[in-house]
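J.: have a look; sequence and predicted model below, questions after that.
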Amino acid sequence: MKYSILILISLLFVFKAEAQNNTDKDEASFHLDANIPSQKNNMLYLGYYWKGTTYARDSVQLSGEGKVRISIPEGLTPGQYFIFIKPDFRIDLLLDKGEDDIHLYINEEDFAKSTITGSHSTKLLWAYLDNIQKRDTERRKLEKQLEDSSITTQKRKNLGEEIQKLDENTQAYIQKTIEDNKDNWFGVFLKGMESVTLPYKQPKDGKEFQENREYGKRHFFDNIDLTDPRLWSTNYMNSYIDTYLQHWVDQVPDSVASAASRLVAKTKGNEFCFKEMLSKLTNESLKSLRMGDENIWARLAEDYIFDKDIAWIDSTQNSELRRQYELIKNNRIGMKAHNLTLQTLEGDTINTNDIDTEYLLLYFYSPSCGHCQTATPELHDKLYAKYKDRGLKVVTINLSNEKQEWERFVKSKNIGDWINCADPEYKSQYWMYYDTSGIPAIFVLNKNKTIIAKKVDEQNLEKLFDYYINNNGIN
C-alpha cells in the first residue's frame, strides 16, 4: 500500500493558469531537480498559492526515469509552493529567501525514505507533517475501537482518556515545534496555521460565548504577522482574512468597514503587505453586490487613498474612485438620512425627516423611466400593500419637471396613497445627498431616519421587511 503523500489542506485545487514550458538556461536563479520514479513520463507542475487560488508557475514532463529539472531565470519569491502531477500526486514546499537550488527525491511507497536538500524550510515541514500524520493514524485507530458497541464502559472510558492525552501531546508538540522554529520561515508558517486559544474551550452560557467572541475579534491575528509578505503566498492567508470579516466581525456595514481599516493599518510596516491588503479589501468590496459593502471601500478610500501619495494608484483610478465615492458619501447604510424639503403633488411642503413612521421608503423615479413604469405598481401592490398597516410609508420623489406627466403617472399607477413629491426648483439638492444615478433609486429609513437599505429590488425588499418587521429587526 502506498504511503500517503504529505500535503496541506488547500483552499482550491484548480489550476487557473498554465505556465510556459520551463527553460534550462544555466543563468537561471532558481533550480529544482526532482526524482520521482513512480511518476515517470508524467507532466509535473510547479504551482503556487495566491489569494485563495492555485496557479501553475511552470510545467515540464518527467523523463522515463522519473527525473526532471525546472529552471526559472527570474527566481521565485519566498512562500508556499507545491508539486502536482495529475491526477492526485501533490506535495507542498516551503521556500524561503536563498532556497533556490532544490534537489528532491520522492518515494511514494515509503515517504520516510524521501529526501530534500536546498530547502531547510521544506525539510522541516515534511518532518512535521510526517509526525502529525502518524499521530492522526494512531487517533483513528483509537476512534475505531470506540465504534465497537460491545466494549465495556471502563474500556470506553480508557480509550477516551487515551485520545485526550494524545490530543494534548500533539498540541504540546505543535507548540514546541513553533517555539523551536520561531526565527525561520517554517515556524512562521506553522504558527500562522494555529488558531488563537479562546478563554473558554467549551463555553457554558451566553456570557462565556460572548467573551470568547470578543476575545477572538481582538486577537484573531495574534499568530500572524501581517507585515510578513511570505504569508500572502500561502493557502490560508486569504481565507483567514475573509473568515475574520465575515464571521468574527459584527455584520453591520460600519463595523465591517472599521475592521477592514484596522487590518490595513496592521500592514503599514511593509509596503508590499500594505498594497495587497488595501487592494484586496478595496477591490472586493467595489465588486461586491452585497448591500453595505460599499461602506468598506469608502472607508478605505477615506483612510488610505484620497489625498495620499500612493504610487500604484494612478490619477485615472483615483478620479474614478472619487467619482463613485461622491455618489455614496452621504447615503451609506448606517448614516443618518439627509432631510429633503419637497413639494407634494397638492402643493404642500413636507420635510422627509419629519414624517413619523416606523419605516420610510424614499423612492426616486421619473415617469418616463421604463423600469419605473413596471417597478412602481409592483412595489405598491405587493410590498406596500403588505406592510402599509405595519409602519411603512412611502415618499416618491419625481425627478421630472413635467407636472401633467407626473399627475398621469400617479393616477395610472394608482399610487395616490403615497406621499408624492417633487423638487421643481431643485432647492433640496437631493443629488448631493442621495445616489440617483440609476432610477428607480430606493432608500429605506428606520424610525430614527437612519438608512438601513438602499438600491434593493422588490423581491429583496420584501425579505428585508420580513426580517425587520416580522423578526423585530433593530431600528
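T.: Everything's here; your move.

J.: buried sites along the helix or strand containing residue 218?
T.: Applying DSSP states H and E as the criterion places residue 218 in helix 206-219. Residues of helix 206-219 classed as buried by neighbour count (16 or more other C-beta atoms under 10 Å): 212, 216. In short, each C-beta sits where N, CA and C put it, glycine included.

J.: helices of the stretch 351-475 of the chain, start to end?
T.: 370-378, 385-387, 403-412, 430-433, 458-465 (DSSP state H, counting those that start in this stretch).

J.: could you tell me the least trusted of the ones you listed?
T.: Note on the helices of the stretch 351-475 of the chain: lowest mean pLDDT is at helix 458-465, with a mean of 86.

J.: could you list every helix and strand that that one packs against?
T.: Packing partners of helix 458-465 (3 or more C-beta pairs under 8 Å, 6 or more residues apart in numbering; DSSP states H and E): helix 385-387, strand 441-445, strand 451-454.

J.: export the helices of the stretch 351-475 of the chain as CSV, with columns for distance to residue 44 and mean neighbour count.
T.: CSV is the format used below for the helices of the stretch 351-475 of the chain (distance: least, C-beta to C-beta, whole Å; neighbours: other C-beta atoms under 10 Å):
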stretch, distance to residue 44, mean neighbour count
helix 370-378, 54, 16
helix 385-387, 61, 16
helix 403-412, 67, 14
helix 430-433, 59, 16
helix 458-465, 48, 15
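
J.: just to revisit the earlier point, which one of the helices and strands packed on helix 458-465 lies nearest to residue 402?
T.: Within those, the stretch nearest residue 402 is strand 441-445; the backing value is 19.1 Å (C-beta to C-beta).

J.: now the angle from the closest one to helix 458-465?
T.: 10 degrees (axes from the mean of the first three to the mean of the last three C-alpha atoms, to 10 degrees).

J.: strand 441-445 pairs with which strands, and in what direction?
T.: According to DSSP bridges, strand 441-445 forms sheet pairs with strand 359-365 (antiparallel), strand 451-454 (antiparallel).

J.: contacts only, for residue 292.
T.: Listed by C-beta atoms under 8 Å, 6 or more residues apart in numbering, the contact partners of residue 292 are 253, 256, 332, 333, 334.

J.: which of these sit farthest apart?
T.: 256 and 332 (11.8 Å).

J.: got the residue ranges for the strands in the stretch 51-200 of the chain?
T.: With DSSP state E, counting those that start in this stretch as the criterion, the stretch 51-200 of the chain has strands at 53-61, 67-72, 79-85, 89-95, 101-105, 115-117.

J.: closest one to residue 224 among those?
T.: strand 79-85 (13.8 Å).

J.: export that closest one as CSV, just CAs?
T.: Extracted in CSV, the C-alpha atoms of strand 79-85 (Å, rounded to 0.1, in the frame of the first residue of the first chain):
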residue,chain,number,x,y,z
GLY,A,79,6.3,31.4,0.1
GLN,A,80,4.4,28.1,-0.1
TYR,A,81,4.6,26.1,-3.3
PHE,A,82,3.6,22.7,-4.4
ILE,A,83,4.4,20.0,-6.9
PHE,A,84,1.4,18.5,-8.7
ILE,A,85,1.1,15.5,-11.1
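
J.: ok now that strand, how far from the chain's centre?
T.: 23 Å (C-alpha atoms, centre = their mean, to the nearest Å).

J.: for stretch 424-437, same thing?
T.: Using C-alpha atoms, centre = their mean, the offset of stretch 424-437 from its chain centre is 34 Å.

J.: just the CA trace of it, in CSV.
T.: What follows is stretch 424-437, C-alpha atoms only, in CSV (Å, rounded to 0.1, in the frame of the first residue of the first chain):
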residue,chain,number,x,y,z
PRO,A,424,-39.3,71.6,-9.2
GLU,A,425,-36.8,74.3,-8.2
TYR,A,426,-34.1,71.9,-7.1
LYS,A,427,-33.8,73.6,-3.7
SER,A,428,-33.2,70.4,-1.8
GLN,A,429,-30.1,69.4,-3.8
TYR,A,430,-31.2,65.8,-3.4
TRP,A,431,-28.5,64.7,-5.9
MET,A,432,-25.8,65.7,-3.4
TYR,A,433,-27.2,63.5,-0.6
TYR,A,434,-28.7,60.5,-2.5
ASP,A,435,-27.4,58.5,-5.3
THR,A,436,-29.9,58.9,-8.1
SER,A,437,-27.5,57.9,-10.9
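
J.: residues of that stretch that come out buried?
T.: For stretch 424-437, using 16+ other C-beta under 10 Å, the buried residues are 428, 430, 433, 434, 435, 436.

J.: before we move on, what about stretch 445-456?
T.: In stretch 445-456, the ones that count as buried by 16+ other C-beta under 10 Å are 445, 446, 449, 451, 452, 453, 454, 455.

J.: cool, stretch 33-41 as well?
T.: 33, 34, 35, 36, 39.

J.: now render the residues you listed as JSON lines, adding distance to residue 218 and pLDDT.
T.: Shown next, in JSON lines, are those (distance: C-beta to C-beta, whole Å; pLDDT from 0 to 100):
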{"residue": "33", "distance to residue 218": "47", "pLDDT": "97"}
{"residue": "34", "distance to residue 218": "44", "pLDDT": "97"}
{"residue": "35", "distance to residue 218": "48", "pLDDT": "97"}
{"residue": "36", "distance to residue 218": "46", "pLDDT": "97"}
{"residue": "39", "distance to residue 218": "47", "pLDDT": "96"}
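
J.: so which of those residues belong to strands?
T.: 33, 34, 35 (DSSP state E).

J.: so the helix or strand harbouring residue 45 versus strand 53-61, what angle?
T.: Secondary structure from DSSP H and E places residue 45 in strand 43-50. Orientation of strand 43-50 against strand 53-61 (the same axes, to 10 degrees) gives an angle of 160 degrees.

J.: low pLDDT regions in the stretch 301-450 of the chain?
T.: Along the stretch 301-450 of the chain, no part satisfies pLDDT under 70.

J.: quick one, strands of it?
T.: 341-344, 349-351, 359-365, 392-398, 419-422, 441-445.

J.: of all the strands of the stretch 51-200 of the chain, which lies closest to residue 410?
T.: When the strands of the stretch 51-200 of the chain are compared (using C-beta to C-beta), the closest one is strand 53-61, at 51.9 Å.

J.: chain center to the closest one, what's the gap?
T.: The answer for strand 53-61 is 25 Å, by C-alpha atoms, centre = their mean.

J.: ok, back up a step: just checking, what packs against the helix or strand following the helix holding residue 218?
T.: Tracing the chain C-terminally past helix 206-219 and defining elements by DSSP H and E, one meets helix 237-243 next. With contacts taken as 3+ C-beta pairs under 8 Å, 6+ apart, helix 237-243 sits against helix 271-287.

J.: looking only at pLDDT, what's the mean for the helix or strand just after the helix it packs on?
T.: As assigned by DSSP H and E, the chain's next helix or strand after helix 271-287 is helix 294-300. Helix 294-300 comes out with an average pLDDT of 97.

J.: can we start the residue count at 67 from this point?
T.: Renumbered: residue one is now 67, and that last one reads helix 360-366.
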